[in-house]
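In: Structure of the sequence below:
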Amino acid sequence: MSLGVLLRLILLVVLVAFLAAPEIFAPVFAPFAANGAPAIYTQSSLLALTLSHLAMVAAATLAASIVSVGFAILVTRPAGREFLPLSRSIANIGQTFPPVAVLALAVPVFGFGPVPTLIALFLYGLLPVFENALTGLTSVPPSVQEAARGVGMTDTQRLFSVELPLALPIILAGIRLTAVISLGTATIGSTVAAKTLGEVIIAGLISNNTAFVLQGGLIVAVLALFIHEGFAVLERILTLRTQAPQRA
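Out: Prediction:
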């Protein structure tokens, strides 16, 4: 086992232990809790907040990925190429419109809770997946396309049996970026009563308790690390699988 893998395993064990029994780590955070303030956030379960945070990120990332890949497929077909500027403009909305502004506009319509946060994360996650899916679908070698036509594949068969499998590693890179960005951005959802780890950070800022800020920030950072690494490993595996038939 390499040192890097061992360190990641230790980090994972520490994270799970902290979420399961945070009071054990009170001595670690006590120096950061000024004026006798509690060292561990106890207003809500850290485990419950983490699971809710991850569920929100997963739902928004999945929705953004489906829509973005759908747009990319549409504009790479002959009948849909004219919609490329429109699709790119839609995908750019989330990056040009701050998530805080989306929350401010969504709350009067949908009320407080997770929905405004999901909308903000969805919009913010469109562009990375769309651009990567577009790159992946347009970079399929013409020789592979011709070979697929030569064996009698229909357009739909080529899409699902050739183009998407070859483009999948690049698409996953976009999804990885969206997931990591969404993980950090989701913390602002607590400003509109969504159950995220931002609740811990905001509580620390309000009470001037650095221990709370560290707890929320460190959990998000470690989760981002593991999500990034997990997607990166999956991308490498898929890249090797897609390159093997081409070398053969």
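
In: now the farthest one out in the chain, which residue is it?
Out: When distances are taken from the C-alpha mean of the chain, G150 lies farthest, 38.6 Å away, according to Cα atoms, centre = their mean.

In: burial measure for L54, as a count.
Out: Around L54 there are 17 other residues, counting by other Cβ atoms under 10 Å. All C-beta atoms are positioned from the backbone trio N, CA, C, and that covers glycine.

In: same question, the one 4 residues further on
Out: The number of residues packed near A58 is 14, by other Cβ under 10 Å.

In: Could you check how far the residue farthest from the centre of the chain is from L51?
Out: Spatial separation of G150 from L51 under the definition Cβ to Cβ, to the nearest Å is 50 Å.

In: What residues of the helix or strand in which L19 is found count as buried?
Out: Assessed by DSSP states H and E, L19 sits inside helix 3-20. Along helix 3-20, the positions that meet the burial threshold by neighbour count (16 or more other Cβ atoms under 10 Å) are 15, 18-19.

In: Which one of these is nearest to N132?
Out: Within those, the smallest distance to N132 is 28.5 Å, found for L15 (Cβ to Cβ).

In: now that closest one, nearest residue through space, not along the chain?
Out: V222 (5.2 Å; Cβ to Cβ, 6 or more residues apart in numbering).

In: Then I119?
Out: In space, not counting the residues next to it along the chain, I119 is nearest to A106; the distance is 5.1 Å by Cβ to Cβ, 6+ apart.

In: do P116 as well
Out: A106 (3.6 Å).

In: What distance do you get for the one you found to V233?
Out: When distance is defined by Cβ to Cβ, A106 is 35 Å away from V233.

In: So those two - more neighbours on which side?
Out: Between A106 and V233, counted using other Cβ under 10 Å, A106 has the larger neighbour count: 19 against 10.

In: how far away is the spatially most central residue of the chain from G70?
Out: By Cα atoms, centre = their mean, the mean C-alpha position of the chain lies nearest to A179, the distance being 0.7 Å. Taking Cβ to Cβ as the measure, A179 and G70 are separated by 18 Å.

In: what's the answer for G189, then?
Out: For G189, the distance to G70 (Cβ to Cβ) stands at 25 Å.

In: So which of those two has more stuff around it?
Out: A count of neighbours by other Cβ under 10 Å puts G189 above the other of G189 and G70, at 28 against 13.

In: Need the pLDDT of the more buried one.
Out: The per-residue pLDDT reported for G189 equals 94.

In: Same check on the one 4 residues further on?
Out: Each residue has a pLDDT score; the one for A193 is 90.

In: Likewise for L183?
Out: So L183 comes in at 95 (pLDDT).

In: Repeat that for A248.
Out: For A248, the model assigns a pLDDT of 48.

In: go on, L3?
Out: We note a pLDDT of 82 for L3 in this prediction.

In: circling back: any chance of the buried residues of helix 3-20 in TSV, with distance to T138 and pLDDT too?
Out: Supplementary listing: these in TSV, determined by distance: Cβ to Cβ, whole Å; pLDDT from 0 to 100:
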residue	distance to T138	pLDDT
L15	39	95
F18	44	96
L19	42	95
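
In: how about the residues you listed in CSV, adding distance to G111?
Out: Below are the buried residues of helix 3-20 laid out as CSV (distance: Cβ to Cβ, whole Å):
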residue, distance to G111
L15, 33
F18, 33
L19, 29
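
In: from those residues, which is closest to F25?
Out: Out of the buried residues of helix 3-20, the member with the shortest distance to F25 (by Cβ to Cβ) is F18, at 5.5 Å.

In: List the buried residues in stretch 80-93.
Out: Judged by neighbour count (16+ other Cβ under 10 Å), stretch 80-93 contains these buried residues: 87-88, 90-91.

In: Then stretch 37-44?
Out: For stretch 37-44, burial by neighbour count (16+ other Cβ under 10 Å) applies to 39-41.

In: Next step: those residues restricted to strands.
Out: Secondary structure from DSSP state E places none of those in strands.
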